[in-house]
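Visitor: A predicted structure for the sequence below; I have some questions about it.
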Amino acid sequence: MPLHIETPLIESRPLSSTANCSVWLKLEALQPPGSFKIRGIGAACEEYSRRGARRFVSSSGGNAGLAVAYAGRRLSTPVTVVVPETTSARARELLRQEAAEIIVHGASWHEANLLAQSMIEEADAFLHPFDDPLLWHGHATMIDELARSTMTPDAVVLSVGGGGLLCGVIEGLRRNGLGKVPVIAVETAGAASFNRSLQAGKLIELASISSVATSLGAKRVCEQAFQWSKTHSMRSVVVSDHAALEACERFLADHRLLVEPACGASLALAYAGSRALAGFSRVLFIVCGGATATIDQIREWSTKAAARREDL
Ligand SMILES: *Cc1c(COP(=O)(O)O)cnc(C)c1O
């Protein structure tokens, strides 16, 4: 029994009118732990369980950690999440709600991850947030659902952090005979590790992340995401934090759903009527969701981003 739910696929009137094409939304924000991550992480946790794992370990203070905590509770398997001190109060509260053991350690994810890795014992499974084929197989189920509908898009828009979602969506397109449908990969300016790698023609590691879209904050994307850029039709787009935040506020007003800036980044293409959408008539947006940002946090970031823009 999968741990994710089948999500609604709806046409959006407000986004279609600003995007100048028909915009369809795959509402992954409605997954119980708040993002698409449960598809892949749920599938991986089930598989590790079958292989005998008696504990799940994660070092993510974001949606990956939340998905592991949710999966562990559903599978009656204990979960330990090691997070850095920078992890928001909101994220800690959500992890506690899922009854995960939380260990706060280190100034950044790097230190938290080192501790998590050192804790792994024989019967533990470590869940990587994006670089695991089991995750991609699970993420691909969102495209299986699309393929069962009557809607065939001529492009798919999605956000890229470490590239797990990208790998899953492309796997899903290919296994459903949709391998020719191009993917539009969106990042924010301070977290554009995929865009930079495409420009350089090789995998690039960013020195640091400077975006409010923390869920896109992988300094380096997985090798498979980079490989797909050579064989799958793709466009890469970078938007500002300001545009991503504004999209979050407009999406809340239009569809009554609060998503993280990581997801707002994708939606920003529709709200801006982006040139990246030119030539497409029916576009699927993966509304990846994200549970770690409150509306107060988003408004505070917006005010700061607007002030920075005025400085320019
Ligand atoms: C994890 C995440 C992403 C990025 O997914 P990757 O697989 O790391 O590329 C985007 N949006 C949200 C809300 C996420 O949780």
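Guide: Right, received. Where do you want to start?

Visitor: only C-alpha atoms for contact and neighbour calcs from this point on.
Guide: Noted.

Visitor: can you list the weak-confidence ranges in the protein?
Guide: Across the chain, the stretches falling below the confidence threshold (pLDDT under 70) are 311-312.

Visitor: for Leu134, what are its contacts?
Guide: In this structure, Leu134 makes contact with 40-41, 43-44, judged by C-alpha atoms under 8 Å, 6 or more residues apart in numbering.

Visitor: tally of neighbours for Ala123?
Guide: Residues contacting Ala123 under the criterion other C-alpha atoms under 10 Å number 13.

Visitor: let me fix that: Asp254
Guide: Residues within reach of Asp254, counting by other C-alpha under 10 Å, total 13.

Visitor: Wasn't it part of a strand?
Guide: No - with DSSP: H, G, I helix; E, B strand; the rest coil as the criterion, Asp254 is assigned helix and is not in a strand.

Visitor: out of everything not next to it in sequence, what's closest to it?
Guide: Ranked by C-alpha to C-alpha, 6 or more residues apart in numbering and with sequence neighbours excluded, the top spatial neighbour of Asp254 is Pro14, at 6.8 Å.

Visitor: hmm, back to that, and the contacts of Leu134 as CSV, adding neighbour count?
Guide: What follows is the contacts of Leu134, written out as CSV (neighbours: other C-alpha atoms under 10 Å):
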residue, neighbour count
Gly40, 31
Ile41, 32
Ala43, 23
Ala44, 25
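
Visitor: Among those residues, which ones are in helices?
Guide: Here DSSP state H is the test, and those give 40-41, 43-44 as lying in helices.

Visitor: from these, which single one is nearest the ligand?
Guide: Looking at those and their distance to the ligand, the nearest is Gly40, at 9.3 Å (C-alpha to the nearest ligand atom).

Visitor: which residues sit in contact with the closest one?
Guide: Shown here is Gly40, whose contacts under the criterion C-alpha under 8 Å, 6+ apart are 134-139.

Visitor: nearest to Arg196, of these?
Guide: Lowest distance from Arg196 to the contacts of Gly40 (C-alpha to C-alpha) belongs to Trp136, with 22.4 Å.

Visitor: residues of the strand or helix carrying that closest one that come out buried?
Guide: Applying DSSP states H and E as the criterion places Trp136 in helix 133-139. The neighbour-count check on helix 133-139 (16 or more other C-alpha atoms under 10 Å) flags 134-139 as buried.

Visitor: cool, stretch 138-151 as well?
Guide: Residues 138-147 are the ones in stretch 138-151 that count as buried (16+ other C-alpha under 10 Å).

Visitor: try stretch 57-74
Guide: If you call a residue buried by 16+ other C-alpha under 10 Å, then stretch 57-74 has these buried ones: 57-72.

Visitor: can you tell me which of the residues you listed lies nearest to the ligand?
Guide: Nearest to the ligand out of the buried residues of stretch 57-74 is Asn63 (C-alpha to the nearest ligand atom; 4.6 Å).

Visitor: Nearest residue to the closest one in space, ignoring adjacent ones along the chain?
Guide: Nearest residue to Asn63, sequence neighbours excluded (C-alpha to C-alpha, 6+ apart): Gly290, at 6.2 Å.

Visitor: Ramachandran angles for the one you found?
Guide: Backbone geometry at Gly290, expressed as degrees, to the nearest 10, gives phi 110, psi 130.

Visitor: That one contacts Ala29, correct?
Guide: Yes - counting by C-alpha atoms under 8 Å, a contact exists between Gly290 and Ala29, whose distance comes to 6.5 Å.

Visitor: what do the two both touch?
Guide: Listed as contacting both Gly290 and Ala29 by C-alpha under 8 Å, 6+ apart are 35, 259.

Visitor: Now Glu171: which helix or strand?
Guide: helix 164-175.

Visitor: And Met142, by the same measure?
Guide: Under DSSP H and E, the secondary-structure element containing Met142 is helix 141-148.
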